[in-house]
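Undergrad: Predicted model and sequence below, questions to follow.
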Amino acid sequence: MSNYVLDITSKEEFDNIVATEDRPIVVDLWATWCMPCKMQAPILHQFADDMAGKVCVLKVNVDECEELAALLGVQAIPTILVIKDGDLKEKHVGLCSDKDLSSLVIKYL
């Protein structure tokens, strides 16, 4: 597992990071019971390692942060969001390959 992935446990923590982070933020919305989410995890962690210092990578468990997931409009998981300057720039629903993940983020670096 990557040292560059932050597990978010509250809406307040998420809001604080979004408000203060200058780098693109990649958010993985997931759940422990979701098999595609389990498949997404190693891809996301490798991406975080590869992009260390260039992006901020967050994981949000939708079962623990239901309010945040609802506010972000998550209807299926895994969902990957890219946020830059406090604005949602990209959204990908379903398993995201490393190539697709890079394509979502590269234009915001």
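TA: Sure thing, it's come through. The structure displayed is predicted, hence computed values, not measured ones.

Undergrad: wait, what's in contact with Ile80?
TA: If you count contacts by Cβ atoms under 8 Å, 6 or more residues apart in numbering, Ile80 has them with 26-29, 40, 44, 90-92, 96, 101, 104. Just so you know, the C-beta spots here come from the backbone N, C-alpha and C atoms, and that holds for glycine as well.

Undergrad: Tell me how far the host helix or strand of it lies from the chain's centre.
TA: Following DSSP states H and E, one finds Ile80 within strand 79-84. The chain centroid and the centroid of strand 79-84 are separated by 6 Å under Cα atoms, centre = their mean, to the nearest Å.

Undergrad: List the neighbouring strands of that strand plus their orientation.
TA: Pairing partners of strand 79-84, with direction, according to DSSP bridges: strand 25-30 (antiparallel), strand 87-93 (antiparallel).

Undergrad: Break down the protein into its helices, ranges please.
TA: 11-20, 35-50, 66-71, 98-106 (DSSP state H).

Undergrad: Could you report the pLDDT at the most centrally placed residue in the chain?
TA: Nearest residue to the geometric centre of the chain (Cα atoms, centre = their mean): Val27, 1.4 Å. Looking at Val27, its pLDDT reads 98.

Undergrad: Enumerate every residue touching it.
TA: If you count contacts by Cβ under 8 Å, 6+ apart, then Val27 has 8, 14, 58-60, 72, 80-83 around it.

Undergrad: pLDDT at the closest residue to Ile80 other than its chain neighbours, what is it?
TA: Once flanking residues are discounted, Ile80 sits nearest to His92: 4.4 Å by Cβ to Cβ, 6 or more residues apart in numbering. For His92, the model assigns a pLDDT of 98.

Undergrad: what's near enough to touch His92?
TA: Applying Cβ under 8 Å, 6+ apart, the residues near His92 are 79-81, 100-101, 104.

Undergrad: Any chance of a ChimeraX selection covering the buried ones in the residues you listed?
TA: In ChimeraX syntax, the buried subset of the contacts of His92 is picked out as below (16 or more other Cβ atoms under 10 Å):
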select :79,80,81,101,104
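
Undergrad: Quick one: the contacts of His92 as TSV, columns for distance to Tyr4 too.
TA: Converted to TSV, the contacts of His92 look like this (distance: Cβ to Cβ, whole Å):
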residue	distance to Tyr4
Thr79	20
Ile80	16
Leu81	17
Asp100	19
Leu101	14
Leu104	17
